[in-house]
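[1] Here you go, sequence then predicted model.
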Amino acid sequence: MGSDWQSVGLLDTLKMERVRTIFTHTYPYPHEHSRHAIIAVVVGCLFFISSDNMHTLIQKLDSNIKWWSMYGCLLGFFYFFSSPFLGKTIKPSYSNFSRWYIAWILVAALYHLPSFQSMGLDMRMNLSLFLTIYLSSILFLLVFHVIFLGLWYVGLVARVAGKRPEILTILQNCAVLSIACCVFYSHCGNRAILKDKPSPRTFRLLSFWKKEEQKTWLAKFLRMNELKDEICSSWFAPVGSASDYPLLSKWVIYGELACNGSCPGPANGISPIYSLWATFIGIYIANYVVERSTGWALTHPLSVKEFEKLKKKQMKPEFLDMVPWYSGTSADLFKTVFDLLVSVTVFVGRFDMRMMQAAMSRVKDGAQHDDLLYDHFSDKDGMWVDFMADTGDGGNSSYTVAKLLAQPSIRTHSEDKELTLPRGDLLLIGGDLAYPNPSGFTYENRFFRPFEYALQPPPWYKEDHVAVDKPELPCGVPELKQYDGPQCFLIPGNHDWFDGLQTFIRYICHKSWLGGWLMPQKKSYFALQLPKGWWLFGLDLALHLDIDVYQFKFFSELVKEKVGEYDSVIIITHEPIWLLDWYWNDKTGKNISCLIRNCLNGRCKLWFAGDLHHYMRHSYVPSDNQVNVQHLVVNGCGGAFLHPTHVFKNFDNYYGTSYKSEAAYPSFEDSSRIALGNILKFRKKNWQFDFIGGIIYFVLAFSMFPQCKLDHILRDDTFSGHLRSFFGAVWDTFMYLLGYSYVSSAGAFVLLIISLAFVPSKFSRKRRVLIGVLHVSAHLAAALILMLLLELGLEMCIRHELLATSGYHSLYQWYRTVESEHFPDPTGLRARIEQWTFGLYPACIKYLMSAFDVPEVMAVTRNKICKEGMQSLSRGGAVIYYASVFLYFWVFSTPVVSLVFGSYLYICINWLHLHFDEAFSSLRIANYKAFTRFHIKPDGDLEVFTLAVDKVPKEWKLDPKWEGEPRPPEQLSHLRKFPSKWRAISSKQDPINTVRIVDRFDIPRTKKPEESTKEKT
């Protein structure tokens, strides 16, 4: 009789596939240290630290309260510095660098403070031991790998072993085994043979589980010290005497003698630290040799669980994060600034691509331009149109909107009624296609990729294809009018003009497909004749906030020759001129105004714009005056970061017509509340700003180092006296900065100029100067306070002889004095290693340890400057001193500079309504995304819906419906029922299920007089 049961291996039963070895990962290469080893080390640390009873711990805390206060301040600064990197991957180079940097200088500071030593944990011994074992392990493994590669080269091992090991893997493994050895030494020591215990070693912990000894077990559990000694002597007992291993007697490190009384004779017991190290190294080498020489890891199949996990990891979209606008390390942002300067200097007023497009038009008779006017929609009975703008920022937000646009229909509710809104026959995109600058990379990865995931291009589409004769229609479609798929028309925004429109021309005007949307467009502006007397004008404002004379000529002649007296016109531009003119108290767009007021003469029913990344609708207030535009709509929620709405809530007039705010998304209250994130989240969202902010603060405080006269601050007995003296010292340093310093005063002056230029020109010059001075004063005060705190910490450590006691290389000199006592070397192994490495081995340990003597270097040099003056330092000594100060001052200053700058942005945006761009680009909010879908009904009326998603998903997975749907080879993607490739991990968060209507309104068509008379009759 058959059976479906299959034998299961022991490792599969116990779910221990990852515990085959200590250091290696099952697959793929290169092997990495196992997380189980890290867990074991951490658990061991916690166990041994808890071995001290609580009563003694409280006593030690109480007797060292001042040092624990310093610990709290120190760890607080280090936590705030490292908090943006918690939970992040190690892919961003700056994030990875910051982790190592913070670990380095934190340990360098902690081991000089006394509290850990008073608790029985010698940080100095552990640090020096770690560095020695770490460097020795690296040296040993490098020699091993060189020998192994030599054997591979001569053909003594399998050819699959030829792949070189990754240096990072070696460093990680060496760090783990070094930490393990240090933890063992901290709590068990380096005891050799226990001569006063001749009885054989037994596994005493098993006896704890006998019923008759439960009381003994509980007693030992309460006396953790005895349990710790039991573990050290039973589980990790020394391996024996070196005389038992004659071949290794000259290649081992010996342990200390642990006797009750005198121990005659030299140390002969092998160090348990050495045996533990050798065990880890042996496991590493055994795993490496076996896997590389046999190809086992390259041929061993993955378990089902691992295979599914690997598949899920691969089945994720390649989306880019939101653009970090405040990054001090982004080359893209520097390129954007450069391109903007070039564009403003070269193109504005000198060379305009729109003039080139007009010159290259094939027909010169205005309204007859067949590459500017498209009338293939005019014969339809009705039509659905989608509008979005400002996409191409974060991949999650851009794909969220693109997925909704790609769906055959969207079901939602409005006024307790379920509505089905079909996909638009036409997609209009209102500029700013990719951020921060137009380039092939940003267009392909930030703009095209989300749309191609949402609606795949046709099977014959090629990315590098250049369309020279548009429209390029599918086979079997003779003309554009007969194509029934969705089409797309786009206008450029200011970001698309940063390179003079070159990327837009290459990717939009000379490509035929945006995902599954056909792009017939040939120029950067266009006119579309829609059904039922509706027209759509797509205008290109470039960087002028206005159309050029050639556009004006084309559209004015089109209005004159083809647009009927009772037709209706929709205009789309990138910038919402009405809001920006009101905000800046300016008058721009004179050509557009002339086109709307004089040429269209009341026929413009709707004006769409983007640029501001929110949704707002202002509708006219009925009056006796002529209305030039009935509805003004801003919808820039296509994927870019969010902009505030509450800044623009008082807009109410444009060219003599009164308007009322009918809808805002997000609401004014939500917008104001979101701005609070600048105080709470600025650094978390913009941790790359550290690079600039830390340097600025160091320059402001540079001339103030060192502060030699701080006795009066420490001399006061009361807390209020300390504060009074401290802030008095702050004021004195400020006056010194103004009167005597050079570097700091110059830095403050430059920062003042930058701050004044940073304040928007919305206010008068006096108010801008006041805002700029207050901003710089806050930063300067923060920098001086941090400088004094650092100097006070150094002064306190010097007074208690924790620093400035040993000079340079203090850690290495101390370690050499205790090395022979705790790690006997009667055979001279260390001397032989030093001879074989030509002195490099001890030199490397010396300078590696000196990297952790940064506080000592600061203190020693500070004392020398205070006693003999700055002239006593050589140029190299001065560089070393200020570099040491910078290492710590940078950590202290970066959280503070972000807090001060974030608070400045919050005050400006909520109280003064300034910096609407800067204060929200810092938050990089991907949520609150929306697009507008409007319907030209068969009777000619226009109904408009704005659909929005409050929260954008951050994690996606392959949509099983998309994957399982049958796909004929030549089928276009818009014919599919499930056109989008990815769906949210949680179905409740998928945009299709969370989309809602945030605004809805109707625009009736203009009726002819005879129709009005007929209706009255």
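    Happy to help now that I have it.
[2] Look up the pLDDT of Thr837 for me, please.
    Per-residue confidence (pLDDT) for Thr837: 81.
[3] The residue nearest to it when sequence neighbours are not counted sits in which helix or strand?
    Leaving out its chain neighbours, the residue that sits closest to Thr837 by C-beta to C-beta, 6 or more residues apart in numbering is Leu139, at 7.8 Å. Any C-beta I mention is one placed from the backbone N, CA and C, and that applies to glycine too. Assessed by DSSP states H and E, Leu139 sits inside helix 123-154.
[4] now do Cys844
    Assigned by DSSP H and E, Cys844 belongs to helix 840-850.
[5] First-to-last residue distance for stretch 550-570?
    20 Å (C-alpha to C-alpha, to the nearest Å).
[6] Let me know the next secondary structure element after the helix or strand containing Tyr79.
    Tyr79 belongs to helix 65-82 when assigned by DSSP H and E. Using DSSP H and E, the helix or strand that follows helix 65-82 in sequence is helix 93-110.
[7] Now do the buried residues in that following helix.
    With burial defined by 16 or more other C-beta atoms under 10 Å, the residues of helix 93-110 counted as buried are Tyr94, Ser95, Ser98, Tyr101, Ile102, Ile105, Leu106, Ala108, Ala109, Leu110.
[8] And Ile429, how far from Asp546?
    Ile429 sits 21 Å away from Asp546, going by C-beta to C-beta, to the nearest Å.
[9] In CSV, please show the C-alpha coordinates belonging to stretch 903-916.
    Only the C-alpha atoms of stretch 903-916 are listed here, as CSV (Å, rounded to 0.1, in the frame of the first residue of the first chain):
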residue,chain,number,x,y,z
SER,A,903,12.0,73.9,15.1
TYR,A,904,12.8,76.9,12.9
LEU,A,905,10.9,75.3,10.0
TYR,A,906,7.9,74.5,12.2
ILE,A,907,7.7,78.0,13.6
CYS,A,908,8.0,79.5,10.1
ILE,A,909,5.4,77.2,8.4
ASN,A,910,2.7,77.3,11.1
TRP,A,911,3.1,80.8,12.6
LEU,A,912,4.5,82.8,9.7
HIS,A,913,3.4,80.7,6.7
LEU,A,914,6.9,80.7,5.3
HIS,A,915,9.0,77.9,3.8
PHE,A,916,6.0,75.9,2.5
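[10] For that stretch, buried residues please.
    Tyr904, Leu905, Tyr906, Ile907, Cys908, Ile909, Asn910, His913, Leu914, His915, Phe916.
[11] Check the secondary structure at the fourth one for me.
    Just to be clear, that refers to Ile907. In terms of secondary structure, Ile907 is helix; the call rests on DSSP: H, G, I helix; E, B strand; the rest coil.
[12] Dump the buried residues of stretch 903-916 into JSON lines; add distance to Phe80 as well.
    Converted to JSON lines, those look like this (distance: C-beta to C-beta, whole Å):
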{"residue": "Tyr904", "distance to Phe80": "18"}
{"residue": "Leu905", "distance to Phe80": "18"}
{"residue": "Tyr906", "distance to Phe80": "18"}
{"residue": "Ile907", "distance to Phe80": "21"}
{"residue": "Cys908", "distance to Phe80": "23"}
{"residue": "Ile909", "distance to Phe80": "23"}
{"residue": "Asn910", "distance to Phe80": "24"}
{"residue": "His913", "distance to Phe80": "30"}
{"residue": "Leu914", "distance to Phe80": "27"}
{"residue": "His915", "distance to Phe80": "24"}
{"residue": "Phe916", "distance to Phe80": "28"}
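[13] what's the closest of these to Arg673?
    Arg673 lies nearest to Asn910 out of the buried residues of stretch 903-916, by C-beta to C-beta, at 9.4 Å.
[14] among the buried residues of helix 93-110, which one has the lowest pLDDT?
    Comparing those by pLDDT, Tyr94 comes last, at 62.
[15] ok so, going back, kindly indicate which of the buried residues of helix 93-110 lies nearest Lys316.
    Distance to Lys316, by C-beta to C-beta, is smallest for Ser95 among these, at 19.9 Å.
[16] on that earlier part again, let me know the angle separating the helix holding Cys844 from helix 123-154.
    Angle of helix 840-850 versus helix 123-154, following axes from the mean of the first three to the mean of the last three C-alpha atoms, to 10 degrees, is 140 degrees.
[17] which residues are contacting helix 840-850?
    Contact with helix 840-850 is made by 127-128, 131-132, 135, 139, 808-809, 811-812, 815, 833-834, as judged by C-beta atoms under 8 Å, 6 or more residues apart in numbering.
[18] do stretch 722-733 as well
    So stretch 722-733 is contacted by 704, 707, 710, 712-716, 781, 784-785, 787-788 (C-beta under 8 Å, 6+ apart).
[19] Please report which of the residues you listed has the highest neighbour count.
    Most neighbours among those, by other C-beta atoms under 10 Å: Met787, with 26 neighbours.
[20] secondary structure class for it?
    helix.
[21] Next up, the contacts around Ser378.
    Contact analysis of Ser378 by C-beta under 8 Å, 6+ apart lists Gln529, Leu530, Pro531.
[22] ok, those vs Arg683, which is closest?
    Nearest member of the contacts of Ser378 to Arg683, counting by C-beta to C-beta, is Leu530, at 48.9 Å.
[23] hang on, the closest one packs against Met383?
    Yes: contact criterion C-beta atoms under 8 Å: Leu530 and Met383 qualify, at 6.1 Å.
[24] Same list, the contacts of helix 840-850, but as TSV with distance to Trp956, neighbour count and pLDDT please.
    Shown next, in TSV, are the contacts of helix 840-850 (distance: C-beta to C-beta, whole Å; neighbours: other C-beta atoms under 10 Å; pLDDT from 0 to 100):
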residue	distance to Trp956	neighbour count	pLDDT
Leu127	45	19	84
Ser128	49	24	86
Leu131	44	22	87
Thr132	48	23	88
Leu135	45	18	87
Leu139	46	16	87
Tyr808	54	13	80
His809	54	17	82
Leu811	50	23	82
Tyr812	52	21	84
Tyr815	52	21	82
Ile833	54	14	81
Glu834	57	15	83
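[25] Noted, bye for now.
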